[in-house]
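>>> Turn this into a model:
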Amino acid sequence: MLLFRGREAHSRSLLKAMSWRALGSIDTFLLSYFFTASVKAAGAIASTEVLTKMLLYYLHERAWARVGWGMDKRGPGEDAVDGEEGLMAEHV
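Numbering: from 1, shown residues only. Predicted coordinates for the structure are as follows:
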């Protein structure tokens, strides 16, 4: 699928999603406990949202990997000076 082509490995995106969700789920659990004063309710809320938000984050990352806007167009090892000289030579 086109959505899943990008500049970073799928395993990297997945690990980032998992670590972010762990932190997010701790936050969700603590906030849920604060509002409900129930460990059971807080656990149910945190465990439910961990799967949906991990999937959404992964898809979001892969989609943004396909967007070139705001990315450096130079290839690996190219200096900014070389790229600028190449542009200047084309316009002269």
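>>> contacts, neighbours, all on C-alpha from now
OK.
>>> State the pLDDT value of the residue nearest in space to the middle of the chain.
Centroid-nearest residue in the chain, with CA atoms, centre = their mean: residue 61, separated by 3.8 Å. Residue 61 is assigned a pLDDT of 89 by the prediction.
>>> Quick check: it vs residue 30, distance?
Distance, residue 61 to residue 30, using CA to CA, to the nearest Å: 26 Å.
>>> Over to residue 65?
Per CA to CA, residue 65 is found 32 Å from residue 30.
>>> And the helices in the chain, which stretches?
Using DSSP state H, the helices of the chain run over 10-36, 39-65, 80-91.
>>> In terms of secondary structure, what does the second one contact?
Helices and strands in packing contact with helix 39-65 are listed as helix 10-36; criterion 3 or more CA pairs under 8 Å, 6 or more residues apart in numbering; DSSP states H and E.
>>> residues contacting the closest residue to residue 26 other than its chain neighbours?
Nearest in space to residue 26, with sequence neighbours left out and distances taken as CA to CA, 6 or more residues apart in numbering, is residue 46 at 7.5 Å. Going by CA atoms under 8 Å, 6 or more residues apart in numbering, residue 46 touches 25, 26, 28, 29, 32.
>>> and which of those residues is nearest residue 56?
Taking CA to CA as the measure, residue 56 sits nearest to residue 25 out of those, at 14.0 Å.
>>> For residue 7, see how far away the closest residue to the closest one other than its chain neighbours is.
With CA to CA, 6+ apart as the criterion, residue 25 has its nearest non-adjacent residue at 5.4 Å, and that residue is residue 46. According to CA to CA, residue 46 stands 31 Å off from residue 7.
>>> what about the closest residue to residue 65 other than its chain neighbours, how many neighbours?
Spatial nearest neighbour of residue 65, chain neighbours left out: residue 6 (4.8 Å); criterion: CA to CA, 6+ apart. When neighbours are defined as other CA atoms under 10 Å, residue 6 has 15 of them.
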